[in-house]
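Chemist: got a structure for you, letters missing:
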C-alpha cells in the first residue's frame, strides 16, 4: 500500500496541474471526469492526468491519499482542490482559471 501512496505523492508533486480521472481527456469514461477535463481545457493551460481505470491500486489509493471519496480529483501545486462539483464551481467563478494559470506559470518560470 505504501508503494501506491509513494507513487501518487510523486505524481502529485511533479505535476503542477494533475487530474485523476476515469479515462483520458480525449476519451473520458464517465460524465464527471468529462466535465472536469473540459473545465480544465477551457482554462487554456496544459494539465496532466492519470487514468485511474488503468491501475486499481491508484484508483483506490487516490481516494485514501486525498481523503476524498470520489473521482475525478484535481490537484494544483500538490494541493487537492476537489472533485467535479468543486471544479465546476471554481470554473464558473473564474477561480479555477486563476489557480491553474498560476500553477502553470510557476512551472514555466522554474524551467527557464
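Modeler: It's in. Everything quoted here is computed from the prediction, not taken from an experiment.
Chemist: any idea how far the residue nearest to the spatial centre of the chain is from residue 65?
Modeler: Centroid-nearest residue in the chain: residue 19, 1.9 Å away (criterion: C-alpha atoms, centre = their mean). Distance check for residue 19 against residue 65: by C-beta to C-beta, to the nearest Å, it reads 14 Å. Every C-beta, even on glycine, is put in place using the N, C-alpha and C of the backbone.
Chemist: equivalent analysis for residue 34, please.
Modeler: Per C-beta to C-beta, residue 34 is found 23 Å from residue 65.
Chemist: and for residue 25?
Modeler: From residue 25 to residue 65 the distance is 21 Å (C-beta to C-beta).
Chemist: same check, this time on residue 4
Modeler: Per C-beta to C-beta, residue 4 is found 8 Å from residue 65.
Chemist: how about residue 41?
Modeler: From residue 41 over to residue 65 (counting by C-beta to C-beta), the distance is 24 Å.
Chemist: kind regards, and thank you for your time.
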